[in-house]
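Asks: got a sequence here, can you build the structure:
(one chain, ligands or ions: 4)
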Amino acid sequence: AKELGRNNYQFYSKEMTKKAMERVEIEKELRNAIQNEEFEVHFQPQISIKNESIIGVEALVRWMHPQKGMISPIKFIPLAEEIGVIESIDKIVMKKAMKSFVEIKQKGFDLGTLSLNVSMLQINKDNNFIKDLKQIIEDTKIDTTKIIIEITETQVMKDINKTIKILEEIRSLGMKIAIDDFGTGQSSLSYLKKLPINKIKIDQSFIRDLPQDKDDYELTKAIIAIAKSMNMNLIAEGVETKEQAELLLEEGCFEAQGYYYYKPLGIKALKQVIGLS
Ligand code: C2E
Ligand code: CA
Ligand code: CA
Ligand code: CA
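Replies: Ligands and ions are numbered 1, 2, ... in the order given. Coordinates of the predicted model:
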């Protein structure tokens with residue numbers, strides 16, 4: 001038994017070393033990617049359910065790795081947050097997204113609003129964020145009233161007082177705030193009421209099994225009621241079927257985003273969709 005334990009230990013230890021080395025490698029690559037701005041922005045249209053017109057786009061980052069190809073944000077955002085480089089990535093994405101958004105507007109197409117995902121983890125720690133944001137706004141000359149900053153419910157609650165301060169600064173620049181993944185964070189409504197937010201995004205986990213799942217149906221209705229009572233705008237994400245869109249409209253949610261309408265699109269594909277190519 002002793003022998004076995006030892007072999008086992010050696011096995012795990014080898015595995016762990018391999019994992020650790022892989023991590024060191026990807027960490028190095030990620031820092032390098034930031035230096036070289038190896039990130040591309042894709043845009044997923046947001047839709048008015050009633051007439052299916054585009055009322056906005058959400059910017060979603062992709063890592064264009066020179067050897068490995070396109071890497072999804074779920075594969076590197078958590079690591080970027082952990083090692084403290086997420087702010088640099090968000091900055092690159094904001095810059096590129098705003099530039100494309102303004103360019104499309106200048107070519108005569110109004111995309112509506114531009115939603116940007118921003119990690120609150122680092123923002124809480126240092127305040128370069130607002131300074132950088134102001135600089136990008138100045139450089140791109142974007143109309144700030146068209147920008148929606150999306151932050152996740154869980155991150156907001158980490159340090160509510162600091163969060164409120166930063167959100168108020170963002171709003172004082174003319175931008176709006178949306179709570180992403182709403183309903184997944186177990187935060188109390190009295191807490192949420194304190195936040196300066198304009199919009200709620202119903203998380204895709206509530207939409208996925210609609211209309212069959214009765215619990216999700218009830219929760220979705222409850223979230224719509226909350227948004228109404230708090231006087232907030234509302235959008236549902238992860239809408240994949242016509243039935244889901246119809247149900248949302250019936251219950252009073254008028255905006256949606258999801259594969260039923262459009263997947264996230266590269267800038268070329270986006271231009272094609274809106275007839276700009
Ligand atoms: P998120 O902000 O909740 O974005 C929605 C995700 O759902 C996107 O995944 C989108 O492609 C996907 N999606 C959209 N419609 C549908 C649908 O109908 N069905 C399904 N199953 N999925 C759908 P993506 O692009 O892989 O992004 C994953 C997450 O990475 C985002 O979740 C966001 O939290 C984070 N992220 C993306 N870009 C950025 C960024 O620039 N900065 C930061 N900090 N986070 C980002
Ligand atoms: Ca989002
Ligand atoms: Ca979300
Ligand atoms: Ca479900």
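
Asks: quick one: secondary structure of Tyr262?
Replies: On the three-state scheme (DSSP: H, G, I helix; E, B strand; the rest coil), Tyr262 is labelled coil.

Asks: who in the stretch 101-250 of the chain is up against ligand 3?
Replies: Those residues of the stretch 101-250 of the chain that sit near ligand 3, judged by C-beta under 5 Å from the ion, are 180-181. Quick note: C-beta positions are derived from backbone N, CA and C, even for glycine.

Asks: who in the stretch 101-250 of the chain is up against ligand 4?
Replies: Counting by C-beta under 5 Å from the ion, the residues of the stretch 101-250 of the chain that sit close to ligand 4 are 209, 213, 216.

Asks: now those residues in JSON lines, with secondary structure?
Replies: Shown next, in JSON lines, are those (three-state DSSP):
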{"residue": "Asp209", "secondary structure": "coil"}
{"residue": "Asp213", "secondary structure": "coil"}
{"residue": "Asp216", "secondary structure": "helix"}
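
Asks: the longest strand in this structure is where?
Replies: When the chain is parsed with DSSP state E, its longest strand is strand 54-65.

Asks: what strands line up against whatever helix or strand comes next after it, and which way round?
Replies: For strand 54-65, the succeeding helix or strand toward the C-terminus, using DSSP states H and E, is strand 69-71. When pairing is defined by DSSP bridges, strand 69-71 lines up against strand 54-65 (antiparallel).

Asks: what about the strand it pairs with, average pLDDT?
Replies: Taken as a whole, strand 54-65 has a mean pLDDT of 98.

Asks: residues of it that come out buried?
Replies: Applying a neighbour-count criterion of 16 or more other C-beta atoms under 10 Å, the buried positions in strand 54-65 are 54-63, 65.

Asks: what does stretch 170-177 give?
Replies: Judged by neighbour count (16+ other C-beta under 10 Å), stretch 170-177 contains these buried residues: 170-171, 175-177.

Asks: what does the pLDDT read for Tyr12?
Replies: On the pLDDT scale, Tyr12 is placed at 68.

Asks: can you check the pLDDT for the residue nearest to Ser88 when sequence neighbours are not counted?
Replies: Spatially, and ignoring its direct neighbours in sequence, Ser88 is nearest to Ile34 (4.9 Å; C-beta to C-beta, 6 or more residues apart in numbering). In this prediction, Ile34 carries a pLDDT score of 98.

Asks: helix or strand right after the helix or strand containing Ile34?
Replies: Using DSSP H and E, the secondary-structure element containing Ile34 is helix 2-35. Moving toward the C-terminus from helix 2-35, the next helix or strand (DSSP H and E) is strand 39-48.

Asks: by contact count, what packs against that following strand?
Replies: Using 3 or more C-beta pairs under 8 Å, 6 or more residues apart in numbering; DSSP states H and E as the contact criterion, the secondary-structure elements in contact with strand 39-48 are strand 54-65, helix 86-106, strand 255-257, helix 267-273.
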